[in-house]
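Asks: give me a model of this one.
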Amino acid sequence: MPQISIEDQKAIIQRIKKLMLLMGLSQGAFSQKLGISPANMSKHLSGRLPITVGLVNRICLDLGVSRLWLTTGEDVPFGKAESQREINIGHHREASPNRGVPIYDIDVTAGFGPLEQQLTSDRISGYIDLPGVLNPANECMVRVSGNSMEPTIPNGSYIAIREVAADTIIWGKTYVIVMEEFRMVKALRRHENPDMVILHSLNPEYDDMEVRRDEILKLYIVDSVVNYTTA
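Replies: Numbers count the residues shown, from 1 in each chain. Sure, this is the predicted structure:
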C-alpha cells in the first residue's frame, strides 16, 4: 500500500482538525465516529503516528468526506452532493435536519456588494452543530480576516450571522455592514446626527468611521464567534 509523504501528512492533519471544527465534533467524538481510540487519534494529529492511506479511506468512506479535499486541499470537504441545502439568510428556504449551521467558504470582509449572492450551496464547506448557541433556521457561518476587531474576533475566526433590518440597530452590537464599495465587521455606535452611524473597531489601533445610515445596504448581526486555530 502506498505511503503518504511527511509533508502531505502535515497538511492532512490540518485538514482533519478543520473537519472536526466544521462538524462541531470534539476529538473524542470524532474518534468515536471512526471507531478509532482517542489516544491513537491524538497520536495521529500530533504526528507520533503516521497518517495512513487506511485512515484517509476510513474518514472519506465513513464520514462522506471528499478524498480530493482531504488529500490535496482542492474541492470542498463534503463535495456538492453534501451541499445541496439552499439558504437565503433571513428567509430560510429548506431545512436540512441533523446538519447544523452551514459554513460558507467565503471571507465576509473580502470584496463588496450583496453578500447573499455568495451564500449559495456550492460554497458550503461543511456544517457546525452547537445546540443552544447556533440556530440553523436563520444563521450561517462565514470567515473574517483582519485584526480590527481583536481580541473579540481574531483574524481567521468564523462568525455566525443573520440578516436584520437596517432600521433596527442595537447600539454596541457587532454587525457585518454591507455598503456599495465594501463589507466590514464593526460594532455600531450611535452618532449625534441621527442620519449618521459610527463604525467602531474593538482594536484601539483602528480609528472609528462615520457613515451615513442610508449608505448601509444590508446588516447582518454577529450572534457568535468561533475562534479556530490549528496549533
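Asks: list the buried residues for the helix ranked longest in the chain?
Replies: Counting residues, the longest helix found in the chain (DSSP state H) is helix 6-23. Residues of helix 6-23 classed as buried: 9, 11-13, 15-23 (neighbour count, 16 or more other Cβ atoms under 10 Å). For the C-beta atoms, the positions are set from N, CA and C on the backbone; glycine is no exception.
Asks: which strands and helices sit next to it?
Replies: Under the contact criterion of 3 or more Cβ pairs under 8 Å, 6 or more residues apart in numbering; DSSP states H and E, helix 6-23 touches helix 27-34, helix 38-46, helix 53-63, helix 67-72, strand 124-128.
Asks: and the ones you listed as a markdown table, adding distance to I153, mean neighbour count and mean pLDDT?
Replies: Output for the helices and strands packed on helix 6-23, formatted as a markdown table (distance: least, Cβ to Cβ, whole Å; neighbours: other Cβ atoms under 10 Å; pLDDT from 0 to 100):
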| stretch | distance to I153 | mean neighbour count | mean pLDDT |
| --- | --- | --- | --- |
| helix 27-34 | 24 | 15 | 86 |
| helix 38-46 | 26 | 15 | 92 |
| helix 53-63 | 29 | 15 | 85 |
| helix 67-72 | 26 | 16 | 90 |
| strand 124-128 | 16 | 24 | 83 |
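Asks: dump the ones you listed into CSV; add distance to A160 as well.
Replies: Shown next, in CSV, are the helices and strands packed on helix 6-23 (distance: least, Cβ to Cβ, whole Å):
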stretch, distance to A160
helix 27-34, 20
helix 38-46, 26
helix 53-63, 23
helix 67-72, 23
strand 124-128, 9
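Asks: what lines up beside the longest strand belonging to the chain in the sheet?
Replies: Longest strand in the chain, counting residues (DSSP state E): strand 216-226. Applying DSSP bridges, strand 216-226 is found paired with strand 158-164 (antiparallel), strand 174-179 (antiparallel).
Asks: buried residues, it. List them.
Replies: I216, K218, L219, Y220, I221, V222, D223, S224, V225, V226.
Asks: closest to G28 out of the residues you listed?
Replies: Comparing the buried residues of strand 216-226 against G28 with Cβ to Cβ places V226 closest, at 18.7 Å.
Asks: how about that closest one: what's its closest non-neighbour residue?
Replies: The shortest distance from V226 to any non-neighbouring residue, by Cβ to Cβ, 6 or more residues apart in numbering, is to Y158 (4.4 Å).
Asks: thinking again about what came up before, which two from the buried residues of strand 216-226 end up farthest apart in space?
Replies: By the measure Cβ to Cβ, I216 and V226 form the most distant pair in the buried residues of strand 216-226, at 25.3 Å.
Asks: where's the longest strand of the chain relative to the chain centroid, distance-wise?
Replies: Going by Cα atoms, centre = their mean, to the nearest Å, the spacing between the C-alpha centre of strand 216-226 and its chain's C-alpha centre is 13 Å.
Asks: can you list contacts of it?
Replies: With contacts defined as Cβ atoms under 8 Å, 6 or more residues apart in numbering, strand 216-226 is touched by 21, 89, 114-116, 128, 130, 133-135, 139, 141, 152-153, 157-166, 169-170, 173-180, 185, 197.
Asks: neighbours of the residue nearest to V226, how many?
Replies: Residues near Y158, counting by other Cβ atoms under 10 Å, number 23.
Asks: list the contacts for it?
Replies: L21, I103, M141, V142, R143, V144, V225, V226, Y228.
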